[in-house]
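Trainee: Have a look at this prediction, sequence included:
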Amino acid sequence: MNDSGTPVHRRGALRAGAGAALAAALATGCGEHGTAGTSAKTLTHPAPKKPAITAGAPAPAPAPRRFPGQPVQIDHGPRDRARVALTFHGQGDPAIARTVLAEAERARAQITVLAVGSWLDEHPEMARRILDGGHDLGNHTQRHIDISSMGEAQAYAEITGCAQRLRRLTGSIGTWFRPSRTQYATPLVQRLAVRAGYPHVLSYDVDSLDFTSPGAAAVTRKVAGEIRNGSVVSMHFGYADTVAALPLLLTELDRRGLRAVTTTELLT
């Protein structure tokens, strides 16, 4: 997703058998990819006042924030710190999503979830489950269709539709926005995201390709072969290969001294 502390050691159970499986997964190499993000202004704004909280009510989720020196579109964090961000597209079977969250938490890792609005409509309890685990929660559009092909009004509705669900469920529009069906947002989508209240669009520099269901070994090999300091990795809820690969991947990160943190922490 370290610069100031010793790497966290995973539980012994997570390590059991992982070394041999990981060695097999890493036996073949993998390619790299990535393109430059879009530059933007880095003016900061005062943090909004938090609404009053009634006794016993959960605190509102964190709001989006601007990171000075970062472009509007971010695909990785600082390369001089041993931290990475594992980011997950929030959609699919909630049982698998809960398993992914539990695996991350068992390894004392934090992740970033970009939730689809229609998924939150069907499973509203997942918003608070993600936040209660100490993870980032963001916006991955309302319906998860090709936002790059939309006109301005429709694309803006996709962004704000999910933002409204997040605000209703958590008190915030979410810390991040990621466009649907594309790695990089078009200039139009970037402008619309900023208008909707997101200073940055979150891309990634490592694609796990877990949505192609290539098998846990292939997912592990792909990510482990490309990840480095500051990487933002794209993964997905809803795929069994992701669940199977995650313990191996977290063990490999630990071996390398890389700490999986939220995207907010990665950039802070």
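Mentor: Right, received. Where do you want to start?
Trainee: Residue 139 contacts residue 172, correct?
Mentor: No - the criterion here is CB atoms under 8 Å, and residue 139 misses it with residue 172 at 10.2 Å. Yep, even glycine has a C-beta here, placed from its N, CA and C like the rest.
Trainee: between these two, which one's more packed in?
Mentor: The neighbour comparison of residue 139 against residue 172 (other CB atoms under 10 Å) goes to residue 139, with 34 against 22.
Trainee: How much space separates that one from residue 221?
Mentor: Separation of residue 139 from residue 221 (CB to CB, to the nearest Å) stands at 30 Å.
Trainee: which neighbours do residue 139 and residue 172 share?
Mentor: residue 166 (CB atoms under 8 Å, 6 or more residues apart in numbering).
Trainee: Need the CA coordinates for the host helix or strand of residue 254. CSV is fine.
Mentor: According to DSSP states H and E, residue 254 maps onto helix 240-256. Included here for helix 240-256 are C-alpha records, laid out as CSV according to Å, rounded to 0.1, in the frame of the first residue of the first chain:
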residue,chain,number,x,y,z
ALA,A,240,-12.4,-16.9,-4.8
ASP,A,241,-9.0,-16.6,-6.3
THR,A,242,-8.5,-13.3,-4.4
VAL,A,243,-9.4,-14.8,-1.1
ALA,A,244,-7.0,-17.7,-1.7
ALA,A,245,-4.2,-15.4,-2.9
LEU,A,246,-4.4,-12.8,-0.1
PRO,A,247,-2.6,-14.8,2.7
LEU,A,248,0.2,-15.6,0.4
LEU,A,249,0.5,-12.1,-0.8
LEU,A,250,0.4,-10.6,2.7
THR,A,251,3.2,-13.1,3.8
GLU,A,252,5.3,-12.0,0.8
LEU,A,253,4.8,-8.3,1.7
ASP,A,254,5.9,-9.0,5.2
ARG,A,255,9.0,-10.9,4.0
ARG,A,256,10.0,-7.8,1.9
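Trainee: and that helix, what does it pack onto?
Mentor: The helices and strands touching helix 240-256, judged by 3 or more CB pairs under 8 Å, 6 or more residues apart in numbering; DSSP states H and E, are helix 12-15, helix 18-25, strand 83-90, helix 94-106, helix 216-226, strand 259-260.
Trainee: how many degrees apart are it and helix 216-226 in direction?
Mentor: Inter-element angle recorded for helix 240-256 and helix 216-226: 40 degrees (by axes from the mean of the first three to the mean of the last three CA atoms, to 10 degrees).
Trainee: buried sites along helix 240-256?
Mentor: Within helix 240-256, the residues that count as buried by 16 or more other CB atoms under 10 Å are 241-254.
Trainee: which of the residues you listed lies closest to residue 184?
Mentor: Set against residue 184, the nearest of the buried residues of helix 240-256 by CB to CB is residue 242 (22.2 Å).
Trainee: didn't the closest one look like it was pressed against residue 219?
Mentor: Yes - if you go by CB under 8 Å, residue 242 and residue 219 touch, sitting 6.6 Å apart.
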